[in-house]
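Colleague: sequence unknown, structure follows:
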């Protein structure tokens with residue numbers, strides 16, 4: 001019997017790419033979502049070689065019309081969804097909140113939080129029931145503590161943690177579990193973006209440069225390996241919990 005697919009957002013790079021590949025290698029089709037780039041096309045081809053039912057769909061989580069289109073494509077060809085991994089996210093704007101662009105602030109919340117609700121709401125009818133589905137959100141230490149110049153990111157990640165708990169509470173009788181997982185500090189494009197910000201705008205800039213130069217950043221592949229059991233080996237008892245990869 002063929003496995004139902006997992007949907008992974010932000011699947012073209014970093015943690016999302018590694019998670020998508022490892023889910024496919026575990027025997028499940030993957031629907032990879034990300035903005036349209038050559039990297040998205042590449043991961044779609046790689047996933048299809050491992051699991052022929054896998055594919056990539058362009059989906060910008062800041063764009064509700066793009067989310068609607070992607071969900072229509074998924075719904076037309078998918079009877080049931082095994083899980084969603086909400087990995088896509090943006091660190092921008094890295095700027096003191098007093099002078100941060102409200103457009104950038106709004107975009108951050110759309111990608112990191114509102115798009116998660118939009119995508120899930122459109123697909124949740126194909127989840128749960130006789131078999132359990134798992135929704136996994138990628139959290140951050142910034143959801144628990146303030147970081148200067150990361151106000152939009154901190155607020156959106158804190159909101160995402162609570163969104164996960166709300167979904168868990170509302171879905172406990174629908175056989176849908178929801179968990180949040182903080183991946184630690186990982187060597188991804190987001191870290192490059194953080195190091196590229198002017199130190200004048202980001203007081204902790206030197207700390208993040210040191211994490212890179214001293215080799216303290218985790219590899220995406222290693223983080224995905226630790227995440228995989230939480231994504232695939234689902235239990236309702238875990239639902240509503242927040243995990244930290246460094247404690248697994």
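Modeller: Okay, I see it. These numbers were taken from a predicted model, which means no experiment stands behind them.

Colleague: gap between the residue most central in space within the chain and residue 227?
Modeller: When C-alpha atoms, centre = their mean is applied to the chain, the residue found nearest the centroid is residue 87 (0.9 Å). Distance of residue 87 to residue 227, given as C-beta to C-beta, to the nearest Å: 9 Å. Any C-beta I mention is one placed from the backbone N, CA and C, and that applies to glycine too.

Colleague: now for the lengthiest helix in the chain, which elements pack on it?
Modeller: Determined from DSSP state H, the single longest helix within the chain is helix 151-171. Under the contact definition 3 or more C-beta pairs under 8 Å, 6 or more residues apart in numbering; DSSP states H and E, helix 151-171 sits against helix 102-109, helix 115-123, strand 133-138, strand 176-182.

Colleague: of the ones you listed, flag the one that's most buried.
Modeller: strand 133-138 (a mean of 26; mean count of other C-beta atoms under 10 Å).

Colleague: centre of the chain to that strand, how far?
Modeller: 9 Å (C-alpha atoms, centre = their mean, to the nearest Å).

Colleague: neighbouring strands - and their directions - for that strand?
Modeller: Sheet pairing of strand 133-138 (DSSP bridges) gives strand 83-86 (parallel), strand 176-182 (parallel).

Colleague: for the first one, buried residues please.
Modeller: By neighbour count with 16 or more other C-beta atoms under 10 Å, strand 83-86 contains the buried residues 83, 84, 85, 86.

Colleague: what's the mean pLDDT across that strand?
Modeller: Averaging pLDDT along strand 83-86 gives 98.

Colleague: over to stretch 57-75?
Modeller: Per-residue scores along stretch 57-75 average to 98.

Colleague: do stretch 191-204 as well
Modeller: Per-residue scores along stretch 191-204 average to 95.

Colleague: so what touches that stretch?
Modeller: With contact meaning C-beta atoms under 8 Å, 6 or more residues apart in numbering, stretch 191-204 is reached by 91-92, 94-96, 147-149, 185, 205-206, 208-209, 211-212, 217.

Colleague: wait, residue 183 touches residue 15, no?
Modeller: Yes - in this structure residue 183 lies within contact range of residue 15 using C-beta atoms under 8 Å: 5.9 Å.

Colleague: residues shared between the contacts of the two?
Modeller: Common neighbours of residue 183 and residue 15 (C-beta under 8 Å, 6+ apart) are 138, 223, 227.

Colleague: and which of those is nearest to residue 50?
Modeller: Among the shared contacts of residue 183 and residue 15, residue 227 lies closest to residue 50 (C-beta to C-beta), at 17.7 Å.

Colleague: now do the buried residues in the strand or helix carrying the closest one.
Modeller: Element membership for residue 227 (DSSP states H and E) is helix 220-232. Using 16+ other C-beta under 10 Å as the test for burial, helix 220-232 gives 220, 223, 224, 226, 227, 228, 230, 231, 232.

Colleague: residue contacts, the residue nearest to residue 101 when sequence neighbours are not counted?
Modeller: In this structure, residue 101 finds its nearest non-sequential neighbour in residue 93, 6.2 Å apart by C-beta to C-beta, 6 or more residues apart in numbering. Applying C-beta under 8 Å, 6+ apart to residue 93 gives the contacts 100, 101, 104, 105, 108, 152.

Colleague: any idea how far residue 184 lies from residue 238?
Modeller: Separation of residue 184 from residue 238 (C-beta to C-beta): 19 Å.
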